[in-house]
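J.: Predicted model and sequence below, questions to follow.
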Amino acid sequence: MNHRIRIAILIVTGATVAVVAALIAGWMFKSGSMNPVSITPPGDDARTSSLIPRFSRGDVREFKRDSAALPDTSAAAIADPLLENLEASLNVPGAVQGEAVLSFKDKAAMASFVKNMRGAGLDLLGTLDKLNSIRVGYKDIHKLRDLIAGAGGDVSAEANQWMQVPREPQSDPNNEGGATPIGKAQEMMDAISAGGDRAGWGESVKIAVLDTGVLDHPTFGKDQITHLDFVKDGQTFHSHGTSVASLIAGQNAQAPGVAPAAHILDIRVANAEGYTVSTVLSQGIIEAVDRGAQVLNISLGGYGDSEVLRAALNYAANKGVIVVAAAGNDGYDQLSLPAAYGDVLSVGSVDKSKKQASFSNSGNGLDIVAPGVGVVSAWETDKVAIASGTSHSTGLVSGAVASYLGWGVSQKEVIALLKRHATPTGAATSRVGSGVLRVYKNAKK
């Protein structure tokens, strides 16, 4: 996975911030080895060579006189539907090999299963108590099958899906070809009608940024960020999360955000290479909701459906939490997940000319677009960057959501108002949703 940016050093001395040097640097997300929460990325792992256990045909000669007594050796007779269904569920594109996510009808069924796991060659890798789900590692799928069979209808299984921050934007001829960068922080804010004094925007609103972690950067105020790390790999945080958070709530003019008065709940769910898995993202969503976040920014995703992730998002929706997610940078006529889910505010990108960005995913369900070509954001601990991607557009939209909430707009009304206030571009809704983000200052209706 690649992501290229232009970077300039941002130095803070007291209240003075000056950009003193301009550098061009490349950051590349690699598709090599990584270990978010002790697992490795998709690879050419060996798969079970024999999916159906061997059965003896028996001594046919003993049954020649009574053909009805012959053992039935047809494929239908020796098939194992549970094993076949399990294989089909776990061996899907983007799945973490050797892992399964199991969901139960209630906590009692989950506790019973975990108890029976002991000595069965399965490893308990994580628990999502609020969802009655667990994450398990296995070496022998037959043993996993046997335990599931013993649980009757109390358990369902699915793959643990790889997810990642969006890839480096790639040009795609199916889109409008928008490629004109914003380039300046003030122009970026003016483009969404958020210029001028925003000091109080987002006040008393908590936004969770589920990403690669947020570094302490001069654009953030003292005590503006609460940090949680669900990866705990000891690696240096990748700056993607810092970049997105600054567009939401940055306070400095060199790396500004839409809602600088908002509080950022930094939940690190992706590792230094930008990878996470559906269970860890689901865990982060639940934690964010339980810690009082009113808005969740998810500038990452994948294309594998996940019932556990759906359940986590339902948990957020039932609490009235607004989830904002990036459409993806693959130029597909399909939104990545979780942006494609119904209760999520999905965000694509446009350039300075309000043309759909050449890289932006689109399709049915796209809600809104925002500047995403050459936008200015924080990077590392003392730099600003000019970067592109639907991740950054999503940060701007999350900042707008926080601003509306801070002005007293109810959570039920925010998305409808954002769509109503968006600037039409003339393009199809499948390309730009309701239009380009426009912040209607002090909006209450």
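T.: Yes, it's here.

J.: Next, give phi and psi for the residue nearest to residue 258 when sequence neighbours are not counted.
T.: Closest residue to residue 258 apart from its sequence neighbours, by Cβ to Cβ, 6 or more residues apart in numbering: residue 399 at 2.7 Å. Every C-beta, even on glycine, is put in place using the N, C-alpha and C of the backbone. Note on residue 399: backbone dihedrals following degrees, to the nearest 10 are phi -60, psi -40.

J.: for residue 315, same thing?
T.: Dihedral angles (degrees, to the nearest 10) for residue 315: phi -60, psi -40.

J.: and it, what is it in contact with?
T.: 130, 131, 285, 286, 289 (Cβ atoms under 8 Å, 6 or more residues apart in numbering).

J.: Which of the helices and strands in this structure ranks last by mean pLDDT?
T.: None of the helices or strands of the chain scores lower by mean pLDDT, DSSP states H and E than strand 16-27, at a mean of 31.

J.: just the helices in the stretch 251-400 of the chain please.
T.: Here the stretch 251-400 of the chain has its helices, by DSSP state H, counting those that start in this stretch, at 278-290, 307-318, 390-406.

J.: Single out the most deeply packed of the ones you listed.
T.: By mean neighbour count, with neighbours taken as mean count of other Cβ atoms under 10 Å, helix 390-406 ranks first of the helices of the stretch 251-400 of the chain at a mean of 31.

J.: Let me know the distance separating residue 200 from residue 98.
T.: 50 Å (Cβ to Cβ, to the nearest Å).

J.: before we move on, what about residue 82?
T.: Distance from residue 82 to residue 98, by Cβ to Cβ: 19 Å.

J.: neighbour count winner among the two?
T.: Shown here are residue 82 and residue 98; by other Cβ atoms under 10 Å, residue 98 has more neighbours (16 against 13).

J.: So that one sits against residue 138, correct?
T.: Yes - counting by Cβ atoms under 8 Å, residue 98 does reach residue 138; the two are 6.2 Å apart.

J.: Could you list the low-confidence segments of this structure?
T.: Applying pLDDT under 70 to the chain flags residues 1-79, 169-174, 176, 444-445.

J.: which residues of the stretch 301-445 of the chain fall in strands?
T.: Secondary structure of the stretch 301-445 of the chain (DSSP state E, counting those that start in this stretch): strands at 322-326, 344-350, 368-371, 375-379, 383-387.

J.: What of the stretch 51-200 of the chain?
T.: 99-104, 122-128, 133-138, 155-158, 162-164.

J.: Nearest to residue 357 among those strands would be which one?
T.: Taking Cβ to Cβ, strand 162-164 is the member of these nearest to residue 357, at 18.8 Å.

J.: Would you mind pulling up the elements that the closest one packs against?
T.: strand 275-277 (3 or more Cβ pairs under 8 Å, 6 or more residues apart in numbering; DSSP states H and E).

J.: Sheet partners, orientation included, of the strand it packs on?
T.: Sheet pairing here is set by DSSP bridges, and for strand 275-277 it gives strand 162-164 (antiparallel).

J.: do you know how far residue 110 is from residue 357?
T.: Residue 110 sits 44 Å away from residue 357, taking Cβ to Cβ as the criterion.

J.: same question but for residue 131, I mixed them up
T.: 35 Å.

J.: now swap in residue 222 and tell me
T.: Residue 222 sits 35 Å away from residue 357, taking Cβ to Cβ as the criterion.

J.: neighbour count winner among these two?
T.: A count of neighbours by other Cβ under 10 Å puts residue 357 above the other of residue 222 and residue 357, at 32 against 5.

J.: shouldn't that one be in contact with residue 179?
T.: Yes - the pair residue 357 / residue 179 is scored as a contact, 7.3 Å apart, by Cβ under 8 Å.

J.: Any chance you could list residues touching both of these two?
T.: 351, 373.

J.: quick one, phi/psi of the residue lying closest to residue 193 once chain neighbours are set aside?
T.: Distance criterion Cβ to Cβ, 6+ apart; nearest residue to residue 193, sequence neighbours excluded, is residue 438 at 4.7 Å. Residue 438 adopts backbone torsions of phi -140, psi 120, taken as degrees, to the nearest 10.
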